[in-house]
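In: Need the 3D shape of this:
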Amino acid sequence: MKPILSDLDRQRLDQRVKETEKRTGAQIVLAVVQRSDAYTEIPWIAFALGASMASLWVCLRIALSSGWFSQIENLISVGIILGTGAVFALLTVLIPAFARIFLLKHRAETEVRQYAESLFLRRELFATTERTGILLLVSLFERSIFLLPDKGIESRVSENAMKEVIGEMIQLLKRKNLRDALETGLEHLSQCLTSSAFTSPKSSRKDELPDQIIEEKGV
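Out: Down below sits the predicted model:
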């Protein structure tokens, strides 16, 4: 898989993670995934829309016509309907921005959350002495972010704080500023944890989880 972040961006973010962990006592892991699900329904939804639009055009053409259509013209009309649907479906495969048009928000949020939870377990991010791990996951196709704190630290990260972190990150992500989005997330986490009377446990002062950013292709 082609690297998502440049070496320079990775080094800079790795350093920011170290600084944030030292300041807060939390064990922070950044993850970037291309997409959290295959969304196999998207090409079919696009096909249906394309075919429906072409069908409407054919119906209007028939309604405005004063004569009968030949068998060849009818076959051409069917070909136009199916061809338009096929083109729409193909565009969702080739152009992610076009595919996102057909992605339901709640569906994307569910898949990103499930991917984050799966990654948290698969990478054993719970393996800290005081359960102070935090996963900050960015899913690029969905332009979605999920923040998953472990049970030893989740009470220190309020729902409002998480929404604020995610909200600002998404705005940067939409402008394709991935590095800035991750840096903003780290900065907000640092402010949130240092202002919440969170006492860093002695065991969390050592690095228990890798600082390197996780990059995955996803589903």
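In: Distance from stretch 111-118 to the middle of the chain?
Out: 10 Å (Cα atoms, centre = their mean, to the nearest Å).
In: Tell me where this protein has strands.
Out: Using DSSP state E, the strands of the chain run over residues 27-35, 133-139, 144-149, 214-218.
In: most neighbours per residue, which of those strands?
Out: strand 133-139 (a mean of 25; mean count of other Cβ atoms under 10 Å). Any C-beta I mention is one placed from the backbone N, CA and C, and that applies to glycine too.
In: which secondary structure elements does it contact?
Out: strand 27-35, helix 105-122, strand 144-149, helix 178-194 (3 or more Cβ pairs under 8 Å, 6 or more residues apart in numbering; DSSP states H and E).
In: cutoff 6 Å now
Out: strand 27-35, helix 105-122, strand 144-149 (3 or more Cβ pairs under 6 Å, 6 or more residues apart in numbering; DSSP states H and E).
In: Show me what that strand pairs with in its sheet, parallel or antiparallel.
Out: Here strand 133-139 has these sheet partners by DSSP bridges: strand 27-35 (parallel), strand 144-149 (antiparallel).
In: before we move on, back to that, output the strands of the chain in CSV, with distance to residue 63 appended to each entry.
Out: Formatted as CSV, these follow (distance: least, Cβ to Cβ, whole Å):
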stretch, distance to residue 63
strand 27-35, 42
strand 133-139, 45
strand 144-149, 43
strand 214-218, 46
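In: and those strands as CSV, adding distance to residue 76 and mean pLDDT?
Out: Listed next are the strands of the chain as CSV, based on distance: least, Cβ to Cβ, whole Å; pLDDT from 0 to 100:
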stretch, distance to residue 76, mean pLDDT
strand 27-35, 37, 97
strand 133-139, 42, 97
strand 144-149, 42, 96
strand 214-218, 41, 96
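In: Ends of stretch 195-212, what's the gap?
Out: 26 Å (Cα to Cα, to the nearest Å).
In: Domain map for this protein?
Out: Domain assignment for the chain by automatic domain parsing gives 7-38+104-218, 41-100.
In: Out of these, which one sits most buried?
Out: domain 7-38+104-218 (a mean of 18).
In: If I look at the residue lying closest to residue 23 once chain neighbours are set aside, what pLDDT would I see?
Out: In space, and not counting its chain neighbours, residue 23 is closest to residue 190: 5.6 Å by Cβ to Cβ, 6 or more residues apart in numbering. pLDDT for residue 190: 92.
In: what's near enough to touch residue 193?
Out: Contacts for residue 193 were tallied using Cβ atoms under 6 Å, 6 or more residues apart in numbering; they are 24, 26, 156.
In: distance of it from residue 138?
Out: Noted for residue 193: a distance of 20 Å to residue 138, by Cβ to Cβ, to the nearest Å.
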